[in-house]
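**Q** I would like to see how this sequence folds:
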Amino acid sequence: LAWVLRIAAKRELVDDREWGKLDEAEIAKRIDVMVAWAKERAGKSDAELLLEALSDLAEGGKSWHEAGDIALELAELGDQRAFPLVARWLKHPECDEYDVRRILPVLEQLDVARAKDHALAYLDHENLALRLKAAMILLKSGDVERALPLIGKAFSEANYSNMSDDTMDAYCATVMEVNSPQAWEAIEMLFDDNGIATLDDFDSVACCRALESHGSPAGLKHYRALLDNRETGIPNMVSWSRPIAYKFGDKLLDGYAPQDKTARK
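**A** Okay, here's the model as predicted:
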């Protein structure tokens with residue numbers, strides 16, 4: 001029941017851990033308070049309830065951990081009134097880079113043009129994932145010329161330790177949609193080092209093929225070097241049970257000829 005009330009009210013009305021400790025009189029008082037609270041807000045929309053809850057959390061100095069789900073709901077509703085409230089958490093005393101990496105996408109979803117103003121502060125951040133997220137916001141806001149070199153540089157440094165696999169596919173798709181020489185230069189930077197090879201779930205072969213279709217051999221050269229490598233790992237990065245050549249031979253076959261039994265043999 002506490003969960004049902006939380007979903008309906010867009011906030012925690014009942015602390016179910018505390019409820020069992022109350023006597024009947026205390027329970028009756030709590031119920032009266034909840035009923036009065038609900039009557040005052042009977043005509044409010046979900047967005048209005050969420051905004052009120054988010055505002056209360058901001059005024060109360062609560063952490064992003066407590067506010068994030070509510071902010072995300074408002075972003076999914078597209079309610080731009082939430083923007084200044086969400087932005088306040090960037091100045092929260094306990095806000096760390098982990099929080100910022102989750103706040104910026106919410107701001108982006110609410111209003112990418114205004115999100116750019118906040119993203120600018122993180123373009124030189126030591127955390128590569130945060131730096132890349134900030135540069136992607138610049139790109140989506142229309143600041144293409146400044147964003148693409150920053151994105152390319154971040155792509156060249158990406159590896160399993162500083163980048164999430166499932167993020168890279170979306171980032172690369174966005175860059176390729178720009179379809180300018182500078183955009184393809186940024187995609188080429190993925191293959192500037194072996195770091196990108198350590199992202200197992202990132203479809204780097206799709207980027208290789210896209211570059212190939214635009215006349216760039218950068219991805220193919222990258223894979224050729226891997227196919228010549230009989231070691232079982234990339235120094236100072238990762239180790240595998242199979243030689244690098246076999247691992248990436250399979251990856252190329254999956255990307256180029258997934259149904260071709262002859263090629264696989």
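
**Q** And the contacts of the one helix or strand A119 maps to?
**A** Secondary structure assigned from DSSP states H and E places A119 in helix 112-119. Among residues not part of helix 112-119, those counted as contacts by CB atoms under 8 Å, 6 or more residues apart in numbering are 83, 87, 90, 104, 107-108, 133-135, 137-138, 140-143. Bear in mind the C-beta positions are built from the backbone N, C-alpha and C, glycine included.

**Q** Can you tell me which of those end up in helices?
**A** Taking DSSP state H, the ones among the contacts of helix 112-119 that sit in helices are 83, 87, 104, 107-108, 133-135, 137-138, 140-141.

**Q** Which pLDDT value goes with A263?
**A** Looking at A263, its pLDDT is 67.

**Q** picking that back up, and the furthest pair within the ones in helices among the contacts of helix 112-119?
**A** Spatially, the most separated pair among the ones in helices among the contacts of helix 112-119 is F83 and A135, at 20.4 Å (CB to CB).

**Q** So for those two, which residue has more residues nearby?
**A** For F83 versus A135, the count of surrounding residues by other CB atoms under 10 Å is larger for A135: 26 against 20.

**Q** what about the more buried one, distance to R230?
**A** For A135, the distance to R230 under the criterion CB to CB, to the nearest Å works out to 37 Å.

**Q** And A71, by the same measure?
**A** Separation of A71 from R230 (CB to CB): 50 Å.

**Q** the more surrounded of the two?
**A** Residue environment comparison for A71 versus R230 gives the larger neighbour count to A71, 26 against 9, counting by other CB under 10 Å.

**Q** in the stretch 51-200 of the chain, which spans are strands?
**A** Assigned by DSSP state E, counting those that start in this stretch, the strands in the stretch 51-200 of the chain number zero.

**Q** Quick check: the gap between D99 and H65.
**A** Using CB to CB, which is the criterion applied here, D99 is 8 Å from H65.

**Q** which stretches of the stretch 151-265 of the chain have low pLDDT?
**A** For the stretch 151-265 of the chain, residues meeting the criterion pLDDT under 70 lie at 263-265.

**Q** Would you map the helices across it?
**A** If you assign secondary structure with DSSP state H, counting those that start in this stretch, the helices in the stretch 151-265 of the chain sit at 165-178, 181-188, 204-213, 218-227, 244-256, 261-264.

**Q** out of those, deepest packed?
**A** For the helices of the stretch 151-265 of the chain, average neighbour numbers computed from mean count of other CB atoms under 10 Å are highest in helix 181-188, which has a mean of 20.

**Q** chain center to it: distance?
**A** Offset of helix 181-188 from its chain centre (CA atoms, centre = their mean, to the nearest Å): 22 Å.

**Q** Mind listing residues that contact that helix?
**A** Under CB under 8 Å, 6+ apart, the answer for helix 181-188 is 144-145, 148-149, 151-152, 155, 172, 175-176, 207, 210-211, 214, 216, 218-219.

**Q** Distance check, H65 against G255.
**A** From H65 over to G255 (counting by CB to CB), the distance is 39 Å.

**Q** One more: L77?
**A** Using CB to CB, one gets 38 Å for the distance from L77 to G255.

**Q** cool, E212 as well?
**A** Counting by CB to CB, the gap from E212 to G255 is 11 Å.

**Q** so who does A147 touch?
**A** Neighbouring residues of A147 by CB under 8 Å, 6+ apart: 135-136, 138-139.

**Q** Ends of stretch 155-170, what's the gap?
**A** Between the opening and closing residues of stretch 155-170 lies a distance of 13 Å (CA to CA, to the nearest Å).

**Q** Distance from the chain centre to that stretch, please.
**A** Stretch 155-170 has its average C-alpha position 11 Å from the chain's average C-alpha position, going by CA atoms, centre = their mean.
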